[in-house]
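Q: quick one: sequence plus predicted model below, questions after.
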Amino acid sequence: MKIKRVIYSALFNIGDYENEKIGFEVELEEGESADDAIAMLRDKAVTAAQPDSNKVWRERSRLQVELRELEQKLTEARSKWAATAEFLTKQGIKTDVQPFPELVNLLPAVENESTEVIDATPF
């Protein structure tokens, strides 16, 4: 069997439930290896996807800022809740004030975020 043509495509997640499919096709010349062609096309696809990765990182940064703001608001709300509960209890208005609701559907906080770069090769 002789391979005459190589097609390679990869699907890249660019965030916001969006994907981008990048693909290339080459015809092999005499003596060229299909494995070498696939490796070259893979590198080409990853390089072509890089500009969109900047979009993902910008969105990630924006979401991190938004998360910090929400965490600050949550901390303030807990503090106000505790102060109000203490006031109501001391005044005898409501002696069975419930504690601040636990938000059980949230993911646990990440202790240490890794800065390790993982190979972007899709396969």
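A: That came in fine, so what should we check first? Numbering: from 1, shown residues only.
Q: now the helices: where do they sit in this structure?
A: Using DSSP state H, the helices of the chain run over 34-90.
Q: for the most far-flung residue of it relative to its centre, what are phi and psi?
A: Distance from the C-alpha centroid of the chain, by Cα atoms, centre = their mean, peaks at residue 92 (48.4 Å). Phi and psi for residue 92, reported as degrees, to the nearest 10, are phi 80, psi 10.
Q: per-residue pLDDT, it?
A: For residue 92, the pLDDT comes out at 88.
Q: with the one 5 residues further on instead?
A: Looking at residue 97, its pLDDT reads 81.
Q: how close does the closest residue to it other than its chain neighbours get to residue 95?
A: Counting by Cβ to Cβ, 6 or more residues apart in numbering, residue 97 lies nearest to residue 85, which is 3.9 Å off, once chain neighbours are set aside. (Each C-beta comes from the backbone N, C-alpha and C, glycine too.) Noted for residue 85: a distance of 10 Å to residue 95, by Cβ to Cβ, to the nearest Å.
Q: for residue 42, same thing?
A: For residue 42 relative to residue 95 (Cβ to Cβ), the value is 68 Å.
Q: what sits against the nearest residue to residue 27 once chain neighbours are set aside?
A: What sits nearest to residue 27 in space, not counting adjacent residues and going by Cβ to Cβ, 6+ apart, is residue 5, at 5.3 Å. Contact partners of residue 5, counting by Cβ atoms under 8 Å, 6 or more residues apart in numbering, are 25, 26, 27, 28.
Q: hmm, which of the residues you listed are the buried ones?
A: residue 26 (16 or more other Cβ atoms under 10 Å).
Q: spatially central, which residue of the protein would that be?
A: Centre-most residue of the chain, counting by Cα atoms, centre = their mean: residue 60, 6.6 Å.
Q: where does the chain dip in pLDDT?
A: 15, 51-54, 103-123 (pLDDT under 70).
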